[in-house]
Every structure is written in structure tokens, then in C-alpha cells.
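Participant: take this sequence and fold it.
(one chain, ligands or ions: 2)
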Amino acid sequence: MNLKGRDFLTLKDFTPEEILYLIELSAQLKDKKKKGIVEQPLLGKNVALIFEKTSTRTRCSFEVAAHDLGMGVTYLDPQGSQIGKKESIADTARVLCTMYEGIEYRGFEQAIVEELAKHSTVPVWNGLTNEYHPTQMLADMLTIKEKLGRLKGVKFVYMGDARYNMGNSLMIVCAKLGLHFTACTAKEYFPAPELVAQCKSWAAESGGSVTLSEDVSEATKDAEVIYTDVWVSMGEPDEVWEERINALKPYQVNSAVMENASKDAIFMHCLPSFHDLKTKIGKEIHDKFGLDEMEVTDEVFESEQSVVFEEAENRMHTIKAVMAATLGAY
Ligand code: CP
Ligand code: NVA
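Facilitator: Numbering: from 1, shown residues only. Ligands and ions are numbered 1, 2, ... in the order given. Down below sits the predicted model:
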């Protein structure tokens, strides 16, 4: 498998074999890290990390992974560059690829990261856009494989806003790798029909399936993975909170959902999560709408079934695999 020179913008562009290769490489790199084996196959190279939205996991994963591979990093924060304000994306790409061997971009429309990649001669990695979050998918699939021992045939249910980056990307990766994906949400939050049709055709090839359902009890029955994400994503206006709470409250992951799922089901979340009142936004929403917890109850988040912190750790190992493979280290 040779992925050298490839961009990593959405898993729509990758075959099931390529995705499985990256998951396997991640597992190998994780094993080496745990054993304290230090290899720096990309010593002397440098990567630029552009973040037009905030981040904890993705930024830290890129930085630690780059250092582990022997590379230097430059972090460009949401305010700290000329991008988009004084300099076009095309010009930014043409400048950065004279200095760096790879560029990560987190921001708004997918069209922006596509434009960056078009004008860059070095690999561009999508660290989250409004539409997709492909590096998160590798971490999620690695976590499922570690916990359930397989991917094909796994009954996977995503609850919440299924028409944004997480819902779209999870539907794509599940369809490509043969999981049974269900988006369980209000119908206004179903993924776009064209993407659903595309995913159904991938699922037909992989042996998986794609289902859209508004019925919590039917959709989550015997599920092996219950996944959710925040109800309002980065970059969305505060005004959408009210409609989101009204529409998605019935799709909160709570103990009734977990009890209806398989007894060995795991709970997953890309994080960050509003499961208590220990965040500024969590407190504001509580004061305005009286909610103590949102997309997942604190009870489920803190339960034995929750694998969210192992999932977060896997962001680093999988991002390392993406950089290593596309920069030709392995
Ligand atoms: N899951 C995820 O992308 O987290 P950050 O926003 O902290 O990077
Ligand atoms: N849907 C969320 C994912 C965060 C990792 C957002 O875009 O804010």
C-alpha cells in the first residue's frame, strides 16, 4: 500500500483497503509507542497546522505525532495568520508548501481545504471542516476494533445532528467498512440524500447497511455502538441552540438507550461533550434552558461502557499513521 503524496481530505477519496491499512498502521504505531520504541523516520521535516477553529485533541495529536516522527511543527491559531483575511487560500498554500512537507487544516467549508490541497504540492490533511472529520474516523474505527474485535457487521447507531461533519463522516466510514450504520434523529437532521445514496452503494459492496430512523427504541435495539456529538457545532450561531435542543432532546444518549442496546454495547463521542455543568457553555445553556446535561447524560458518559478517553488517545496514533503514510515514512 503506497499512500505517499496523497491528501487526506475525506474518506470518500479512500478505498476500504486503504482505510483498513491506515487503521492497521495506527495499531502498529500505538504498539511501538506503548513499548517505548522511538523511531524518527521523518526527522528534519516540518508540518504546518492551520486552525481556524479551536481544538484540544486534534491539535495535540498532530503536534505529539509529528514530534514522535521526528518532525517540527508550526501552529497557526484562528487569529495568528493572514489566511483568508489578507491572503487567499491559494497563495497561502503556495507559500506554505515551500517550507513544509505537510499542511493540516481545520476550518469551515470543505471547499477551503480542497482549495488548499489544489494549490499545495505537499499533502494536506483535513483536521475538521463543517462537512467532514476524517482523522476522527480512523480513531473511532481503531477503538471499535480494539473493543469489539471486529468492524464488519457491527451495529452502529449515531444519535443527534447527523447532517454535519460527524454524522456524514461516520456514515461514510461505516458504509465503506461494512458496519450497519443507523442515523437515529429527527428527520430534519438526517444526512443529505445524495450522500445517503452514495453511502448505500458503498454499503452494498461492503456488506454493511445505511438506515435512517426517527424511532429511538427501534433504532438502538441491540446496537453495539452508540455514538453522539454536540448538538451545536463550532462556527454555528448561538441562536440555533433552542431549535436544536427541542429537536434533539429525544435523541439524548441516556441509560434507557444503553439498556435497550446490546449488553456489551460501548458508548462513543468525539468530544468535547456537554455531559455536566463544568463548562462555560454548559452553564449558559443550563441558565437559559434548564438542562443539566445535553447530548449524553453524565451517568452514561462516566459509565463502564463509555470508551471516550481511549477514543481520544487513538486520535494521536491514527493521525501519526496518516502523516507517516502520506509522507512516505512506511
Ligand atoms: N474530537 C475533536 O476533534 O476534538 P478537538 O476539537 O478538541 O480537536
Ligand atoms: N461537530 C463538532 C465536532 C467536534 C469535534 C463540531 O464541528 O464542533
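
Participant: what's around Thr74, how many residues?
Facilitator: Thr74 has 14 neighbours, counted by other Cβ atoms under 10 Å. For every residue, glycine as well, the C-beta is placed using N, CA and C.

Participant: wait, is it part of a strand?
Facilitator: Yes. Under DSSP: H, G, I helix; E, B strand; the rest coil, Thr74 falls within a strand.

Participant: is it in a bridge, and if so with what?
Facilitator: Thr74 has these beta-bridge partners by DSSP bridges: Ala48.

Participant: buried residues in stretch 300-307?
Facilitator: Neighbour-count burial for stretch 300-307, counted by 16 or more other Cβ atoms under 10 Å, picks out 300-301, 305-307.

Participant: a markdown table for those, including secondary structure, pLDDT and distance to Arg59?
Facilitator: A markdown table is the format used below for the buried residues of stretch 300-307 (DSSP: H, G, I helix; E, B strand; the rest coil; pLDDT from 0 to 100; distance: Cβ to Cβ, whole Å):
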| residue | secondary structure | pLDDT | distance to Arg59 |
| --- | --- | --- | --- |
| Val300 | helix | 98 | 27 |
| Phe301 | helix | 98 | 23 |
| Gln305 | coil | 98 | 28 |
| Ser306 | strand | 98 | 23 |
| Val307 | coil | 98 | 22 |
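
Participant: between those residues, which sits nearest ligand 1?
Facilitator: Nearest to ligand 1 among the buried residues of stretch 300-307 is Val307, at 13.8 Å by Cβ to the nearest ligand atom.

Participant: surely that closest one touches Lys145?
Facilitator: No. With contacts counted by Cβ atoms under 8 Å, Val307 stays clear of Lys145, the gap being 11.7 Å.

Participant: SS state for Ser262?
Facilitator: Following three-state DSSP, the label given to Ser262 is coil.

Participant: for it, give me its contacts.
Facilitator: 155, 222-224 (Cβ atoms under 8 Å, 6 or more residues apart in numbering).

Participant: list only those of those residues flagged as buried.
Facilitator: With burial judged by 16+ other Cβ under 10 Å, the buried subset of those is 155, 223-224.

Participant: which ones among the residues you listed map onto strands?
Facilitator: Under the assignment DSSP state E, these contribute Lys155 to strands.

Participant: okay, the buried ones among the contacts of Ser262 in TSV with pLDDT and distance to Asn254 next?
Facilitator: Converted to TSV, these look like this (pLDDT from 0 to 100; distance: Cβ to Cβ, whole Å):
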residue	pLDDT	distance to Asn254
Lys155	98	19
Ala223	98	14
Glu224	99	18
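
Participant: looking at the buried ones among the contacts of Ser262, which is nearest ligand 2?
Facilitator: Ala223 (20.6 Å).

Participant: quick one: contacts for the closest one?
Facilitator: Taking Cβ under 8 Å, 6+ apart, we find Ala223 in contact with 155-157, 182, 260-262, 265.

Participant: ok, and the most crowded of these?
Facilitator: The contacts of Ala223, ranked by neighbours (other Cβ under 10 Å): first place Val157, 27 neighbours.

Participant: who's in contact with it?
Facilitator: Taking Cβ under 8 Å, 6+ apart as the test, what Val157 contacts is 182, 184, 219-220, 223, 225-227, 261.

Participant: what about 6 Å?
Facilitator: The neighbours of Val157, taking Cβ atoms under 6 Å, 6 or more residues apart in numbering as the test, are 182, 184, 219-220, 223, 226.

Participant: repeat that for Val73.
Facilitator: Neighbour list for Val73: 47, 49, 63, 66 [criterion: Cβ under 6 Å, 6+ apart].

Participant: distance to Lys249 and neighbour count added to these, as CSV?
Facilitator: Shown next, in CSV, are the contacts of Val73 (distance: Cβ to Cβ, whole Å; neighbours: other Cβ atoms under 10 Å):
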residue, distance to Lys249, neighbour count
Val47, 41, 26
Leu49, 36, 23
Glu63, 37, 18
Ala66, 40, 23
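
Participant: and the furthest pair within those residues?
Facilitator: Maximum pairwise distance in the contacts of Val73, criterion Cβ to Cβ, is 9.2 Å, between Val47 and Glu63.
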